[in-house]
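Visitor: Got a predicted structure plus its sequence, pasted below:
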Amino acid sequence: MEMAIHFTHEPIVIPPETLPTREIGAVLEFRGIVREREGERDLAGLHYEAYEPMARRRLEEHLAELGKVHGCASVLFIHRLGWVPVGEASLYIRVLSAHRGEALALLAAAVNRLKQDVPIWKVA
């Protein structure tokens with residue numbers, strides 16, 4: 001499976017989609033948007049920090065494993081670092097697959113694993 005992992009301190013710019021083969025039947029995109037409330041607190045935004053070398057390694061491991069299980073063609077992962085105002089994306093993931101079920105399963109598992117043990121932290 002092809003994968004690209006990017007971290008940026010700038011607003012996320014979504015690159016144009018290119019389909020590597022005519023066998024791609026599902027293009028799934030996910031954006032994690034900063035909400036204006038965290039529990040009972042009003043927010044202006046969130047600050048994200050990461051230990052980038054380890055975060056990249058963990059993401060590569062997780063995505064490679066999930067790619068084998070779910071058979072997707074590619075994953076593009078972009079995470080914003082630093083200050084992210086309410087209403088802007090802190091996370092963008094695009095999954096390409098022959099079938100929607102594979103893409104949906106990989107995306108759900110990838111986000112769950114990201115939250116579990118990838119060293120990216122948000123500070124309200």
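Guide: Here it is on my side, so go on.

Visitor: Report how many residues lie close to residue 51.
Guide: 13 (other Cβ atoms under 10 Å). For every residue, glycine as well, the C-beta is placed using N, CA and C.

Visitor: For it, give me its contacts.
Guide: By Cβ atoms under 8 Å, 6 or more residues apart in numbering, the contact list for residue 51 reads residue 119.

Visitor: Now the phi/psi pair for it, please.
Guide: Residue 51 adopts backbone torsions of phi -90, psi 90, taken as degrees, to the nearest 10.

Visitor: in this protein, which spans are strands?
Guide: Counting by DSSP state E, one finds strands in the chain at the ranges 2-8, 26-33, 37-38, 41-42, 45-50, 74-80, 82-85, 89-97, 120-123.

Visitor: Where among these is average confidence lowest?
Guide: Across the strands of the chain, strand 37-38 has the smallest mean pLDDT, namely a mean of 90.

Visitor: Pull the distance from it to the chain's centre.
Guide: 21 Å (Cα atoms, centre = their mean, to the nearest Å).

Visitor: before we move on, the earlier item: okay, the strands of the chain in CSV with mean neighbour count and distance to residue 114 next?
Guide: Formatted as CSV, those follow (neighbours: other Cβ atoms under 10 Å; distance: least, Cβ to Cβ, whole Å):
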stretch, mean neighbour count, distance to residue 114
strand 2-8, 14, 11
strand 26-33, 15, 9
strand 37-38, 10, 18
strand 41-42, 8, 23
strand 45-50, 16, 11
strand 74-80, 22, 8
strand 82-85, 16, 15
strand 89-97, 22, 8
strand 120-123, 14, 7
